[in-house]
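Visitor: how would this look folded up:
(2 chains)
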Number of protein chains: 2
Amino acid sequence: MAKTSALLLVSAMLAVLAPVNGLWPQPRNLTTGSSALKLSGGFEISIASSLYNAPQDLQQAISRSHGFLQTDKLERLVVGRGDVDKPALTKAKTLSQLTVSLDKGATVQSITAEAQKPIEERDEGYVLDVPADGSGATLTANSTLGLFRGLTTFGQLWYQSDSTTYTIEAPIHIVDSPAYPYRGYMLDTARNYFPVTDIKRAIDGMSWVKINQFHWHVVDSQSFPLEVPGFEELAQKGAYASSMVYTAQDVQDIVEYAGARGIDVLVEIDTPGHTSAISKSHPEHIACAESTPWASFANEPPAGQLRLASNATAEFTANLLVAVSKLFPSSMIKTQASLNATGLNFTQALTAFTQQSHNALIKAGKTPVVWEEMILSFNVTLAPEVIALVWISSDDVKGVAESGHKLIHAASDYFYLDCGGGGWVGANPDGNSWCDPFKTWQYSYSFDPVANLTADEAKLVLGGQHLLWTEQTGPSNLDPITWPRAASSAELFWTGPGLNISTVLPRLHDLSFRFQQRGIQTIPLQPLWCALRPGVCDLTA
Amino acid sequence: MAKTSALLLVSAMLAVLAPVNGLWPQPRNLTTGSSALKLSGGFEISIASSLYNAPQDLQQAISRSHGFLQTDKLERLVVGRGDVDKPALTKAKTLSQLTVSLDKGATVQSITAEAQKPIEERDEGYVLDVPADGSGATLTANSTLGLFRGLTTFGQLWYQSDSTTYTIEAPIHIVDSPAYPYRGYMLDTARNYFPVTDIKRAIDGMSWVKINQFHWHVVDSQSFPLEVPGFEELAQKGAYASSMVYTAQDVQDIVEYAGARGIDVLVEIDTPGHTSAISKSHPEHIACAESTPWASFANEPPAGQLRLASNATAEFTANLLVAVSKLFPSSMIKTQASLNATGLNFTQALTAFTQQSHNALIKAGKTPVVWEEMILSFNVTLAPEVIALVWISSDDVKGVAESGHKLIHAASDYFYLDCGGGGWVGANPDGNSWCDPFKTWQYSYSFDPVANLTADEAKLVLGGQHLLWTEQTGPSNLDPITWPRAASSAELFWTGPGLNISTVLPRLHDLSFRFQQRGIQTIPLQPLWCALRPGVCDLTA
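Guide: Have a look, this model is predicted:
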């Protein structure tokens, strides 16, 4: 027995208005027709001769795209599924080739190199043409990264009916590029550990929705699973187990896997807060490690902070951060500052400490990224290029923008994937999660990235991301807690706000089913009865 | 960045008090020692000669239990894991045999036959003895069902360190039997479909925590996936797809699989409400099928009700229910009555309709089970043996008990697994689930089965269950949304209420990790840091 609030009316008209295509994120300029078009058995994706020196990661991306055309086997989500299109397919033209080429004068670099450029220098735009008459389709862009985005879009155009792979919307013309340069996803691998294969599967999902930034919250108070050259003792003593360490080789593997999929890896090292794991190997740098009662020292157990005022500790931290930054080619590095202390002396100590760390990073060519309280609570003087992640509340966006720092939306009230799952702290029968309620894809999708901002402040918004803190998540539920919800911010920050959640739901169902065909365990958003009937399970107030 | 409410104190003392064993549910009489005891390489579970005619399902249960001893490979959840016990193991005695026997004079029946007896006639008690000196362990019971429960307990005693399988709590003496006869789990396979393999995996999990009743909500308005002999057209027309039908063979397979694991299958057929799927093949029996706006006709789309006042419809329904009851050997069958109409004429029609169905079922030897509103809202006159499931609210338990009907706890405010996941209805950006918040295992565990009941009313409580409605659940998230939460009601109704949630958490962690070793994707309840440190992440108000 299940209830929904009464006195609401259905608006089945939406079924008619909803675009039936499964493109996600929705391209910013899209025109489609109503002709059926089949892929020929020998369909090929060929690289234009002008791209004779195509980078290896582009060639591999093309062969993966070609593979998906054969393995997706996704039937359209309509009553009758693939059978309903059989009549239209009898007289459909056949497409035998997609030609991929770079714009004249574009410099040829690998997808990885393009993806790892500073966030505002990445060129992700592309133009995709799929004629209805069977003449060759074309994909062009000004960078291999743009070509990769276009290949991702191309892969979402096709459905299966028996052994036929087809679209019913030819001709298709797409001119696309992102509304915001930063579209991310954060995973915490410190509270619970995730094997490399799980991280790679998450990266696959990110790439399918054009997320371009993996924010890797790799270490925290609970564990330090990162092997850092020169600081190996941190993982040896601070990881949950020797089998739960990301070796330097694992990191390179993940960074390359992400890069080849158009994703840059923003690593985060918790310091000076959340560092009890460091005390295992460096007690000399840590105050109140695992102190009890932990609630007086930290938001969650175990407590532990670096000794801010100690020169040796500040130097240790700066050296550690530089060593970590060498493992990650990204132009950015995230440094964490979650502290319970405040006050003038504290601010002075934290400022000195932070400036020493940030100066070392800036000298190493990195842009530091910080959590909002570094600006709003601790009044630390930061270099102007420092980027802030707004996490506590969307209400804080305005204040951060007024500081003049560029910012990334990560507000817990819209984008925290772990909210609503109940309290995880023990001996707390009535405990619910601190950031209740659960953030539905619909609610995240309704977020306005420039609410209350002036035109100048709006320019500071780089984009946004969903975040997954893993007190109650492990490899067993990584997929269902993340997907398809995280796709909502991916579209919000690629396509831009303003689309109607009723018209986008059928596309999100489609994406979710395609993810499952590709091995990611997305949750159903509705009963299949609703998924097959766009709009019929909608409510309008 | 994650927060927990501040100003709370840790009580690490619990770490000392918490039993380190991983038994779940906790046996009602348990004494343990502190000696280490190893299983010998050739350890055997042997059936006493007095049980020369051991039923096949008991023999198979014994070989599965033997298999788990080799494949669980679970290390103890302590800092250092299996290594910490190595010193104790050097001088540990070795156990080479467990002997399984029935009490003198017990009649030998299969586990299946014992499990399918009327709910209050099942004998699930057992006595388990594991001496510390290496002399043989013994398991005795008055029924093969009791022996099966004892084998399940025995399988939870053992940990792995390198290649050694051992306990550190010998000698162990257990005299156990359930506090309540009904311990269930409900799965809805109509809103979204679950392949037989997923249902069997759910049954595995149920059996490991001694749940004895699988409440199978097999059909509903959205789909009718059940092939009923003589009514094949219902599934042919009402299932989501021909590949999404439970054939009579599938049903037999599931019923036998459950029976062999000590579980009876209580099937539920939705009638007269939630029957739009029936209209596909029998429009003559259905009113307002898929009417819009659906919100005016039903709690969720699609609407559709049998024509209560039609004799032909009442006869059709009675015949259908009897045909279904023949597929399921259980002594019970669940008939659904979720209706929006009320009023005197309606009550008379529903009473006549229900009595015709129930009389047919009672004549077929079945006890009807109904949802609470049959009693509280519709004032239908029911046969005295009819059992009621209290689902709307735990506040309704008292009223149902006052009606004199036996009852099963299934209150949405404690036991609905789908709550807190956000609204699934479309075009509803702020929609949260109607039964927010998420029901944590701790909250479900804190339920008092006899709150506000007189001693006589308390005798009407048969037990309780968790329930999973699947608007937002499919095979992809069945395990994580169910486990380990559903284990909390399994212990509550086996062991009885009153245990401290702090002392039980380490056992629940243990169970959860053992489930994962056996292939069920439970969610982590806490960061591993906490799981390895019993009590240290607890709060006390």
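
Visitor: how about the stretch 51-200 of chain A: which residue is closest to chain B?
Guide: Per Cβ to the nearest Cβ, A:R191 is where the stretch 51-200 of chain A lies closest to chain B, at 3.8 Å. Bear in mind the C-beta positions are built from the backbone N, C-alpha and C, glycine included.

Visitor: contacts only, for that residue.
Guide: Residues near A:R191 by Cβ atoms under 8 Å, 6 or more residues apart in numbering or on different chains: A:D220, A:Q222, A:S223, A:W469, A:T470, A:E471, B:P527, B:L528, B:W529.

Visitor: now these: which count as buried?
Guide: Among the contacts of A:R191, those classed as buried by 16 or more other Cβ atoms under 10 Å in any protein chain shown are A:D220, A:Q222, A:S223, A:W469, A:T470, A:E471, B:P527, B:L528, B:W529.

Visitor: list just the nearest of those residues to A:L30.
Guide: For the buried ones among the contacts of A:R191, the closest approach to A:L30 (Cβ to Cβ) belongs to A:W469, at 35.3 Å.

Visitor: please report how far that closest one lies from A:L187.
Guide: Separation of A:W469 from A:L187 (Cβ to Cβ, to the nearest Å): 9 Å.

Visitor: ok now stretch A:77-96, how far from the chain's centre?
Guide: 34 Å (Cα atoms, centre = their mean, to the nearest Å).

Visitor: tell me which parts of the stretch 101-250 of chain A are close to chain B?
Guide: Proximity of the stretch 101-250 of chain A to chain B (Cβ under 8 Å from any Cβ of the partner chain) is limited to residues A:R191, A:N192, A:Y193, A:S221, A:Q222, A:S223, A:Y240, A:A241.

Visitor: which stretches of the stretch 1-150 of chain A have low pLDDT?
Guide: Within the stretch 1-150 of chain A, the stretches with pLDDT under 70 are A:1-20.

Visitor: just checking, which of the contacts of A:R191 belong to strands?
Guide: Under the assignment DSSP state E, those contribute nothing to strands.

Visitor: next, the most centrally placed residue in chain A: secondary structure please.
Guide: The residue lying closest to the centre of chain A (Cα atoms, centre = their mean) is A:Y185, at 2.8 Å. When classified by DSSP: H, G, I helix; E, B strand; the rest coil, A:Y185 comes out as strand.

Visitor: close enough to count as contact, it and A:W216?
Guide: No: using Cβ atoms under 8 Å, A:Y185 makes no contact with A:W216, being 9.7 Å away.

Visitor: if we can go back for a sec, now for A:W469 and A:L187: what residues contact both?
Guide: In contact with both A:W469 and A:L187: A:H217, using Cβ under 8 Å, 6+ apart.

Visitor: excluding its backbone neighbours, what's nearest the residue of the stretch 51-200 of chain A closest to chain B?
Guide: Spatial nearest neighbour of A:R191, chain neighbours left out: B:P527 (3.8 Å); criterion: Cβ to Cβ, 6 or more residues apart in numbering or on different chains.

Visitor: for the one you found, what are its contacts?
Guide: Residues in contact with B:P527 (Cβ under 8 Å, 6+ apart) are A:R191, A:N192, A:Q222, A:W424, A:T470, A:E471, B:C537.

Visitor: A:C419 too?
Guide: Going by Cβ under 8 Å, 6+ apart, A:C419 touches A:S412, A:S433, A:W434, A:C435, A:D436, A:P437, A:F438, A:K439.

Visitor: now do the contacts for the nearest residue to it once chain neighbours are set aside.
Guide: The shortest distance from A:C419 to any non-neighbouring residue, by Cβ to Cβ, 6+ apart, is to A:C435 (3.9 Å). By Cβ under 8 Å, 6+ apart, the contact list for A:C435 reads A:S412, A:D413, A:Y416, A:D418, A:C419, A:G420, B:K3.
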